[in-house]
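Here's a sequence, model it:
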Amino acid sequence: VNIALVADDEQPYDVDQLQLHMEANRLAARLVDTPASELHTEAFVELARETAAHVGAEISVLEGESLAHAGLGGLWGVGKASTHLPALVVLDHVPEEGNGLTFGWVGKGIVYDTGGLSIKTKAGMPGMKTDMGGAAAVLAAFRAAVKLQTGHRIIALLCLAENSVGPDATRPDDILTLYSGLTVEVNNTDAEGRLVLADGVAYLTRHYSPDIVIDLATLTGAQLVATGQRHAGIVCNDAVWEERAVLTGRRTGDLVHPLPYCPEFFRKEFKSTVADMKNSVKDRMNAQSSCAAQFVGNHLVDYQGPWLHIDLAGPATDGERGTGYGANLLLGLLDAE
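As a prediction, this is how the structure comes out:
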């Protein structure tokens, strides 16, 4: 591929910066393309450790049964039937100087999604190695942002699990207690991404004080119906950050389009008689992607700030290959005004 850059003298391109942006995009794409036989949860954790060591960031990891003991019932419930157990990775970059914002990034990292006991079809399961596109974008963007010497603090969480079928698999009708303290009646084990993200955003907002929370996930097939294969669907509780996301998408090529943010219209879809909520909607004709986002938003613990949810189910892949979508959107949002 030959790339030509056209610029004027007043605004020359920083080629080194462009190189890091390109590397972030290609790293995220490579991870999405890698099968779960190689990029299982343990390998993903090791890659995160290598990244932290390479850029000089702090890292902490909760793995296996320690998740259950710590109260992350969503992440543990989704991944406990797999040979490679689930993990929560927290990467933390604190700049040496600067008065920047604190960004909290949370990525869905389902390294393979069989659907669990609500198993996917023969035609619907191939390609589910890509269900970690959100975590891939977060890790790639984190690596690049630190190397670009951003003045912002970045706390990046990777919610890693394999949604497998086995004797220990979560059943429909099981009730999970998530890190937020809220209980969830499982009515669809194939609506697992929102469970791991809910634990991720709850952990982030309970232990840190982010100025903005951004979560990324290949979350719903309904996103493709709503906004297509090239635009991610976003749900945001803040008009300023919603506009910033749209403009940043146009600038970086990682396009987004807003979906409705209206919690009072969507909470009813998760009504449960035995728990605080169910994990899958009652009415699939009521803005499924917004509903899925609202499920995640329900678990923001004691947090009233801006929240941006990015459903990238469509643009994360092009045919059978990963695109690296999301990495440059996150990097662009660091400089958005």
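
what about dumping the CA coordinates of the stretch of helix or strand A145 belongs to to CSV?
Using DSSP states H and E, A145 sits in helix 133-147. Provided in CSV are the C-alpha atoms of helix 133-147 (Å, rounded to 0.1, in the frame of the first residue of the first chain):
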residue,chain,number,x,y,z
GLY,A,133,-12.8,-6.1,19.3
GLY,A,134,-13.5,-3.6,22.1
ALA,A,135,-10.7,-4.9,24.3
ALA,A,136,-8.4,-5.0,21.2
ALA,A,137,-9.1,-1.4,20.5
VAL,A,138,-8.5,-0.4,24.1
LEU,A,139,-5.2,-2.2,24.4
ALA,A,140,-3.9,-0.9,21.1
ALA,A,141,-5.0,2.7,21.8
PHE,A,142,-3.5,2.6,25.3
ARG,A,143,-0.1,1.5,24.0
ALA,A,144,-0.1,4.3,21.4
ALA,A,145,-1.4,7.0,23.7
VAL,A,146,1.4,6.4,26.2
LYS,A,147,4.0,6.4,23.4
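
which strands and helices sit next to it?
Using 3 or more CB pairs under 8 Å, 6 or more residues apart in numbering; DSSP states H and E, the elements in contact with helix 133-147 are helix 15-33, helix 41-55, strand 87-93, strand 102-113, strand 153-163, strand 212-217, helix 327-334. Where C-beta positions appear, they are placed from N, C-alpha and C, glycine not excepted.

now the fifth one and strand 87-93, what's the angle there?
Using axes from the mean of the first three to the mean of the last three CA atoms, to 10 degrees, the inter-axis angle of strand 153-163 relative to strand 87-93 is 170 degrees.

same question, the first one
With the same axes, to 10 degrees as the basis, helix 15-33 and strand 87-93 are set at 180 degrees to each other.

Could you name the helices and strands sitting against helix 15-33?
Contact here means 3+ CB pairs under 8 Å, 6+ apart; on that basis helix 15-33 packs against helix 133-147, strand 321-322, helix 327-334.

Present the ones you listed as CSV; the columns should include distance to V32 and mean pLDDT.
Output for the helices and strands packed on helix 15-33, formatted as CSV (distance: least, CB to CB, whole Å; pLDDT from 0 to 100):
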stretch, distance to V32, mean pLDDT
helix 133-147, 5, 98
strand 321-322, 3, 98
helix 327-334, 11, 98
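
picking up where we left off before, which among the helices and strands packed on helix 133-147 is found nearest to P126?
With respect to P126, and counting by CB to CB, the nearest of these is strand 102-113 at 10.8 Å.

Pull up the pairing partners for the closest one, direction included.
strand 153-163 (parallel), strand 212-217 (parallel) (DSSP bridges).

Can I get these in a markdown table including mean pLDDT and mean neighbour count?
Formatted as a markdown table, these follow (pLDDT from 0 to 100; neighbours: other CB atoms under 10 Å):
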| stretch | mean pLDDT | mean neighbour count |
| --- | --- | --- |
| strand 153-163 | 99 | 28 |
| strand 212-217 | 98 | 28 |
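
Adding distance to L5, write the ones you listed out as TSV.
Compiled in TSV, the strands paired with strand 102-113 are given as follows (distance: least, CB to CB, whole Å):
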stretch	distance to L5
strand 153-163	27
strand 212-217	28
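
closest to A4 out of the ones you listed?
Nearest to A4 among those is strand 212-217 (30.8 Å), distances taken as CB to CB.

Give me the residues contacting the helix or strand following that closest one.
Remark: after strand 212-217, the chain's next helix or strand is helix 222-227, criterion DSSP H and E. Helix 222-227 has contacts (CB atoms under 8 Å, 6 or more residues apart in numbering) with 232-233, 256-257, 259, 284, 287-289, 292, 311-314.

ok, residues contacting the helix or strand following helix 222-227?
Counting by DSSP H and E, the next helix or strand C-terminal to helix 222-227 is strand 232-236. Contacts of strand 232-236 with the rest of the structure, by CB under 8 Å, 6+ apart, involve 223, 226-227, 242, 245-246, 249, 254-261, 289-290, 293-294, 297, 306-312, 314-315, 325-326, 329.

just stretch 143-156 next, same as before
So stretch 143-156 is contacted by 17, 20-21, 23-24, 27, 51, 54-57, 90-95, 97-107, 138-139, 141-142, 204, 208, 210, 327, 330-331, 334 (CB under 8 Å, 6+ apart).

Just the buried subset of those, please.
Buried members of the contacts of stretch 143-156, scored by 16 or more other CB atoms under 10 Å, are 20-21, 23-24, 27, 51, 57, 90-93, 102-107, 138-139, 141-142, 204, 208, 210, 327, 330-331, 334.

Could you pull up the contacting residues of the most centrally placed residue in the chain?
Residue closest to the average C-alpha location in the chain (CA atoms, centre = their mean): G107, at 2.5 Å. Residues near G107 by CB under 8 Å, 6+ apart: 132, 134-139, 156-159, 200, 215-217.

Any idea how many residues pack against D173?
Neighbour count for D173, taken as other CB atoms under 10 Å: 9.
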